[in-house]
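Q: Predicted model follows, preceded by the sequence.
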Amino acid sequence: MAITVQNFIKLANLYNQTLMTMSAICVQKGGIAMENYVGRFFAADVLEYIVEYGRRLMQNQVVPSDVTSVIERLTKQLDSVKQYVTPSQKPIYEMSLEEFEKIMNI
């Protein structure tokens, strides 16, 4: 995937849709807090990937100010949920497909 502003926007929209779905699930399960929902780990991993994508986008291109503000907001969100990110020796966005499959036991 080429690192482009359009792809970043698609990823950010994916994250927002994921949060809306998680929120609906939490309400459906009796109003549990998002911090107690098991999907919080997945959402944190997705957020970590998107923030890294945004960081690399800003390194490689001139990014519009509205996109830059989204990257900064997501970075702050990641800082607040960093404890939920799946620990690994190597971040998922730096892994090859073979490394990812090995870690996931695929």
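A: Thanks, I have the structure now.
Q: quick one, longest helix in this structure?
A: helix 5-28 (DSSP state H).
Q: and that helix, how far from the chain's centre?
A: Averaging C-alpha positions (CA atoms, centre = their mean, to the nearest Å) puts helix 5-28 9 Å from its chain's average.
Q: Alpha carbons only: can I get the very next helix or strand once past that helix in CSV?
A: Later in the chain than helix 5-28, the nearest helix or strand by DSSP states H and E is helix 40-60. Provided in CSV are the C-alpha atoms of helix 40-60 (Å, rounded to 0.1, in the frame of the first residue of the first chain):
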residue,chain,number,x,y,z
ARG,A,40,-10.0,-2.8,23.3
PHE,A,41,-6.8,-4.7,22.6
PHE,A,42,-7.6,-4.9,18.9
ALA,A,43,-8.6,-1.2,18.7
ALA,A,44,-5.3,-0.3,20.4
ASP,A,45,-3.3,-2.3,17.9
VAL,A,46,-5.2,-0.7,15.0
LEU,A,47,-4.6,2.7,16.4
GLU,A,48,-0.9,2.0,16.8
TYR,A,49,-0.7,1.1,13.1
ILE,A,50,-2.6,4.2,12.0
VAL,A,51,-0.5,6.5,14.1
GLU,A,52,2.7,5.0,12.7
TYR,A,53,1.2,5.3,9.2
GLY,A,54,0.5,9.0,9.9
ARG,A,55,4.0,9.6,11.2
ARG,A,56,5.5,8.1,8.1
LEU,A,57,3.1,10.1,5.9
MET,A,58,4.3,13.3,7.5
GLN,A,59,7.9,12.4,7.0
ASN,A,60,7.4,11.7,3.3
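Q: Run through the neighbouring helices and strands of helix 40-60.
A: helix 5-28, helix 65-81 (3 or more CB pairs under 8 Å, 6 or more residues apart in numbering; DSSP states H and E). Any C-beta I mention is one placed from the backbone N, CA and C, and that applies to glycine too.
Q: Which residues does the last one contact?
A: Looking back up the chat, that one is helix 65-81. 5, 8-9, 12, 15, 40, 43-44, 47-48, 50-51, 54-55, 57-58, 63, 85 (CB atoms under 8 Å, 6 or more residues apart in numbering).
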